[in-house]
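S.K.: predicted model and sequence below, questions to follow.
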Amino acid sequence: RKEVEQDPGPFNVPEGATVAFNCTYSNSASQSFFWYRQDCRKEPKLLMSVYSSGNEDGRFTAQLNRASQYISLLIRDSKLSDSATYLCVVNPWTGGYNKLIFGAGTRLAVHP
Amino acid sequence: SAVISQKPSRDICQRGTSLTIQCQVDSQVTMMFWYRQQPGQSLTLIATANQGSEATYESGFVIDKFPISRPNLTFSTLTVSNMSPEDSSIYLCSVEALGGGSYNEQFFGPGTRLTVL
């Protein structure tokens, strides 16, 4: 079983749609969680951290369910510029340093 | 934040040769990370490099194949040795630094796109 699993997509949605991505992780001791965004042929960039209480940043909402080892990202009112690959990232905290485990990513394509 | 540059940005190499990738950060950082992203796949951590000590390699990666140097707090190199076509990948350098949200986050360099013929 992969440490971090995501639906690869692609998700093809029209502008203005609401889209949700899910992610599961295998290590129950994982300490911190993130969503990164990666544009085509570019490096990943942090989109947002995911907190136990859930957090929102504009049109983006991230939620964490520790009991189910499940993370989600909701994008409301999709824009063309949201088209990218969204990477679910988990820090298992091995005790020595902040090591990040990346999911394979979910591709989103927003069309007019 | 941290601004990271990598050299070269891309290269095409012959089987059996070696390539050294450089990573430069605009601020002093304790830890630097080297990742690999193979075509169509996500990032895999190769090793973590601390200044003044040997790099820590992840399972499946060995020092003989991917020697790393970390001579100071702003610079690191990764060498891909005795290359084969399976090493064709994007290699990314990353550092942990204070982000916009006042907590540490990992910043990535633009990557080095390596093609081995």
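M.R.: Ah, there it is. Residues are numbered from 1 along each chain as shown, chains lettered A, B, ... in the order given.
S.K.: tell me the pLDDT at A:Gly54?
M.R.: Note for A:Gly54: predicted pLDDT of 85.
S.K.: around chain A, pick out the residues from chain B.
M.R.: Contacts of chain B with chain A, taken as C-beta under 8 Å from any C-beta of the partner chain, map to B:31, B:33, B:41-45, B:48, B:56, B:92, B:96, B:99, B:101, B:103-111. Every residue, glycine included, has its C-beta placed from N, CA and C.
S.K.: can you say which of the residues you listed are buried?
M.R.: The neighbour-count test (16 or more other C-beta atoms under 10 Å in any protein chain shown) marks B:31, B:33, B:42-43, B:45, B:48, B:56, B:92, B:96, B:105-109, B:111 as buried among the residues of chain B next to chain A.
S.K.: quick one: least confident helix or strand in chain B?
M.R.: Every helix and strand of chain B was ranked by mean pLDDT, DSSP states H and E. The lowest is strand B:104-108, at a mean of 85.
S.K.: remind me which residues of chain A are low pLDDT?
M.R.: For chain A, the stretches with pLDDT under 70 are A:93-98.
S.K.: number of nearby residues for residue 84?
M.R.: Just so you know, I chose chain A. If you count neighbours by other C-beta atoms under 10 Å in any protein chain shown, A:Ala84 ends up with 21.
S.K.: should've been chain B
M.R.: Quick note: B:Ser84 (other C-beta under 10 Å) scores 10 neighbours.
S.K.: isn't it right up against B:Gln14?
M.R.: No: between B:Ser84 and B:Gln14 there is no contact under C-beta atoms under 8 Å: 10.5 Å.
S.K.: quick check: neighbours shared by the two?
M.R.: Common contacts of B:Ser84 and B:Gln14, defined by C-beta atoms under 8 Å, 6 or more residues apart in numbering or on different chains, comprise B:Val116.
S.K.: show me what from chain A comes close to chain B.
M.R.: Residues of chain A lying near chain B by C-beta under 8 Å from any C-beta: A:34, A:42-46, A:49, A:87, A:96-105.
S.K.: can you select the buried ones from those in ChimeraX?
M.R.: Buried subset of these, written as a ChimeraX selection, criterion 16+ other C-beta under 10 Å:
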select /A:34,43,44,46,49,87,98,99,100,101,102,103,104,105
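S.K.: in strands, which of the residues of chain A next to chain B fall?
M.R.: Residues of those located in strands (DSSP state E): A:Phe34, A:Lys45, A:Leu46, A:Ser49, A:Leu87, A:Ile101, A:Phe102.
S.K.: tell me the contacts of the fifth one?
M.R.: Taking C-beta under 8 Å, 6+ apart as the contact definition, A:Leu87 lies against A:Gln6, A:Trp35, A:Tyr36, A:Arg37, A:Gln38, A:Pro44, A:Phe102, A:Gly103, A:Gly105, B:Ser42, B:Leu43.
S.K.: quick check: closest non-adjacent residue to it.
M.R.: Among residues not flanking A:Leu87 along the chain, A:Tyr36 sits closest, at 4.2 Å (C-beta to C-beta, 6 or more residues apart in numbering or on different chains).
S.K.: regarding the residue most central in space within chain B, what is its secondary structure?
M.R.: With distances taken as C-alpha atoms, centre = their mean, B:Trp34 lies nearest the centre of chain B, 3.1 Å away. The three-state assignment at B:Trp34 reads strand, by DSSP: H, G, I helix; E, B strand; the rest coil.
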